[in-house]
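> using only what follows, build the 3D model:
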Amino acid sequence: DIMEALVKCQGGGQSNEYVVEHAFYCSGYMSGCPGKVTLQFISEKRKIGKAVAQKASAESDMAHELINFSIFKTLAEPEIRELLSFFKTKKFRRNEIILRKGDRGEKLYIIMAGSVEIIGDYGVSISVLGKGEVFGEMSLLTGSPVSAKVRTVEDTTVMYMYGNYFRMMLNRFSPLQMYF
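Below is the predicted model:
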């Protein structure tokens, strides 16, 4: 319900209106909640400070770079920018372990710079992944623990998204369902 309301508010915000509100009542036999949720979309057409404008420019640059990644090839730049809001960035040093076999899979990772090695049983190298490649998705999709160790080969920067956002984005963007 909230995602639907957000989409409606953003769609309404593309007109000349500066503020669009959407309310829905969350009461019902399943929720047991007697309340009302009101979401407000404030258009970017309002005056924004220099720092906010720079952040928007950086996000646009990042979205433009991500268009070249296979996971995002079928998405438009505005959709990628929307997805970016759910990602965080983290840097790992050489030989750091990002995931261990048996860990609970909680995040989807995308390599922004550097590379990682997927290590199977008995320390056997399965694969080396580089810029633009994805890992951590299998345990999110299946609910099973992580099946291999993931270690950085060099200093590496990744973007990551928590599993609950990953599932929400899969439902929102059917091209991502097809990709995975």
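> residue 76: neighbouring residues, count only.
Using other CB atoms under 10 Å as the criterion, residue 76 is surrounded by 12 other residues. For every residue, glycine as well, the C-beta is placed using N, CA and C.
> just use 22 as the starting number from now, easier for me
Right, with 22 as the first residue, what we last looked at is residue 97.
> any idea how far residue 196 is from it?
In this structure, residue 97 lies at 10 Å from residue 196, with CB to CB, to the nearest Å as the measure.
> need the phi and psi values for residue 191.
Backbone torsions of residue 191, given as degrees, to the nearest 10, read phi -60, psi -40.
> that one: what's it in contact with?
For residue 191, the contact set (CB atoms under 8 Å, 6 or more residues apart in numbering) comprises 197-198, 201.
> any of those buried? List them.
Among the contacts of residue 191, those that count as buried by neighbour count (16 or more other CB atoms under 10 Å) are residue 197.
> of the contacts of residue 191, which belong to helices?
In helices, judged by DSSP state H, the following of the contacts of residue 191 are found: 197-198.
> mind putting the contacts of residue 191 into CSV with pLDDT?
Supplementary listing: the contacts of residue 191 in CSV, determined by pLDDT from 0 to 100:
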residue, pLDDT
197, 86
198, 84
201, 85
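> pick out whichever of the contacts of residue 191 sits closest to residue 142.
Within those, proximity to residue 142 (CB to CB) peaks at residue 201, which comes in at 24.5 Å.
> distance of that closest one from residue 143?
Taking CB to CB as the criterion, residue 201 is separated from residue 143 by 28 Å.
> residue boundaries of the helices in the protein?
23-33, 71-87, 98-105, 158-163, 184-193, 195-200.
> quick one: average confidence on the first one?
Predicted confidence along helix 23-33 averages 62 (mean pLDDT).
> repeat that for stretch 157-168.
Along stretch 157-168, the predicted confidence averages to a pLDDT of 92.
> try stretch 90-103
This predicted structure assigns stretch 90-103 an average pLDDT of 84.
> picking up where we left off before, could I get the contacts of residue 191 as a markdown table with distance to residue 172?
Formatted as a markdown table, the entries for the contacts of residue 191 read as follows, by distance: CB to CB, whole Å:
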| residue | distance to residue 172 |
| --- | --- |
| 197 | 26 |
| 198 | 29 |
| 201 | 23 |
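> of the contacts of residue 191, just say which sits nearest to residue 149.
For those, the residue nearest residue 149 by CB to CB is residue 201; the value is 20.7 Å.
> and the closest one, what does it touch?
With contact set as CB under 8 Å, 6+ apart, residue 201 has these partners: 158, 162, 191.
> tell me the one of those residues nearest residue 115?
For the contacts of residue 201, the nearest to residue 115 is residue 158 (23.9 Å; CB to CB).
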